[in-house]
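Peer 1: Below: sequence and its predicted model.
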Amino acid sequence: MTDPQRSSPQPRPLVWPEDLARAIVEALDLGGRVNVPLRAVTTGDADWRTDVARTLPGEADRAAATLAQALQRHPDVRACRAEGPAVSITLTIASLMRVVPEILLGGLPTPPDGPAAAAGPALAEQLAEVRLCHARARSISRSARAHGVGPDTAHGSLDDATVSDRRLLTTLAGAPGVLRSGRERAVQAHARALAAAHQRWFTSTRASPRGQEAITSTHRTRLAINDAVALALAAELNAVGLDAPEHL
């Protein structure tokens, strides 16, 4: 007889894309035998999308519906829906925000082969927008601190998170994985994607108050996000042999 005092194990928190992939494997009881395709969503209101159901035996649409129903029970999943053989997943903002203190306080992995040799001017030109983005992020950080804003890495809240906040956080979450891979083209591609997401975020949000506005927890949280992006961009630029400029 089951002991009513014993509760079922709590699902592991979702921080990185790898954690979500593991939750998908567990939800479908796949025993870790499947490589889960996950991609960050760039349109709509979801954060991640997977079509892992296509790789499974049987009817893909039914497997996707089963997965959506199972994932919906995870405390870090705000919404989950099956769309044919694909599943769109929306995480809670608390889950999306977990990458920020992990990066700020825990650092980022270095490429498995160590630092890259200094790159030439051709690559610097190709990644000019990434280097510019890093300098802009550092400028945002300096400006916010000059206004008395400090990053909140522990208790930050973002209850009014915008689409650009969510897109930036999902893109940021991919940085450690590409750095660990050591694949230079993947690092370059992710750096470009992160710079583009930061540019969209920069045009629609603020990390410091205007005029006589009061400093809010949203300012402090967005500054922490910005600083985490700067660290990730610097790590990715360094990984391909480029410096990360401090100034525009």
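Peer 2: Great, that's in hand. Numbering: from 1, shown residues only.
Peer 1: elements contacting the biggest helix by length in the chain?
Peer 2: Identified as the longest helix of the chain according to DSSP state H is helix 217-239. The helices and strands touching helix 217-239, judged by 3 or more CB pairs under 8 Å, 6 or more residues apart in numbering; DSSP states H and E, are helix 99-106, helix 128-146, helix 163-172, helix 175-181, helix 184-204. All C-beta atoms are positioned from the backbone trio N, CA, C, and that covers glycine.
Peer 1: so which of those helices comes closest to A40?
Peer 2: helix 163-172 (4.3 Å; CB to CB).
Peer 1: how far does that closest one sit from the chain's center?
Peer 2: Here helix 163-172 is found 6 Å from its chain centre; the criterion is CA atoms, centre = their mean, to the nearest Å.
Peer 1: for that helix, packing partners?
Peer 2: Going by 3+ CB pairs under 8 Å, 6+ apart, helix 163-172 lies up against strand 39-40, helix 93-97, helix 99-106, helix 184-204, helix 217-239.
Peer 1: so how far is the first one off the chain centroid?
Peer 2: Taking the mean of its C-alpha atoms, strand 39-40 sits 10 Å from the chain's own mean (CA atoms, centre = their mean).
Peer 1: And the last one, by the same measure?
Peer 2: Distance, stretch centre to chain centre, for helix 217-239: 11 Å (CA atoms, centre = their mean).
Peer 1: Give me the buried positions along it.
Peer 2: Buried residues in helix 217-239, counted by 16 or more other CB atoms under 10 Å: 218-239.
Peer 1: what's the answer for the fourth one, then?
Peer 2: Buried positions in helix 184-204, judged by neighbour count with 16+ other CB under 10 Å: 184, 187-188, 190-198, 201-202.
Peer 1: relative to helix 128-146, how tilted is that helix?
Peer 2: Going by axes from the mean of the first three to the mean of the last three CA atoms, to 10 degrees, helix 184-204 is angled at 50 degrees with respect to helix 128-146.
Peer 1: If you average the pLDDT over helix 184-204, what comes out?
Peer 2: Helix 184-204 carries an average pLDDT of 97.
Peer 1: Spit out the contact partners of A46.
Peer 2: Contacts for A46 (CB atoms under 8 Å, 6 or more residues apart in numbering) come out as A79, R81, S88, I89, T90.
Peer 1: So the fourth one belongs to a strand, correct?
Peer 2: Right, I89. Yes. Counting by DSSP: H, G, I helix; E, B strand; the rest coil, I89 falls inside a strand.
Peer 1: surely it meets Q72?
Peer 2: No. I89 is beyond contact range of Q72, at 9.3 Å (criterion: CB atoms under 8 Å).
Peer 1: so what sits against both of these two?
Peer 2: Joint contacts of I89 and Q72 (CB under 8 Å, 6+ apart) are A79, C80.
Peer 1: Please say which of the two ends up with more neighbours.
Peer 2: Ranked by neighbour count (other CB atoms under 10 Å), I89 and Q72 place I89 first, with 26 against 14.
Peer 1: coming back round to it: which one of the helices and strands packed on helix 163-172 lies closest to V15?
Peer 2: Judging these by CB to CB, what sits closest to V15 is helix 99-106, at 6.2 Å.
Peer 1: and the closest one, what does it pack onto?
Peer 2: helix 163-172, helix 217-239.
Peer 1: try 10 Å this time
Peer 2: helix 163-172, helix 175-181, helix 217-239 (3 or more CB pairs under 10 Å, 6 or more residues apart in numbering; DSSP states H and E).
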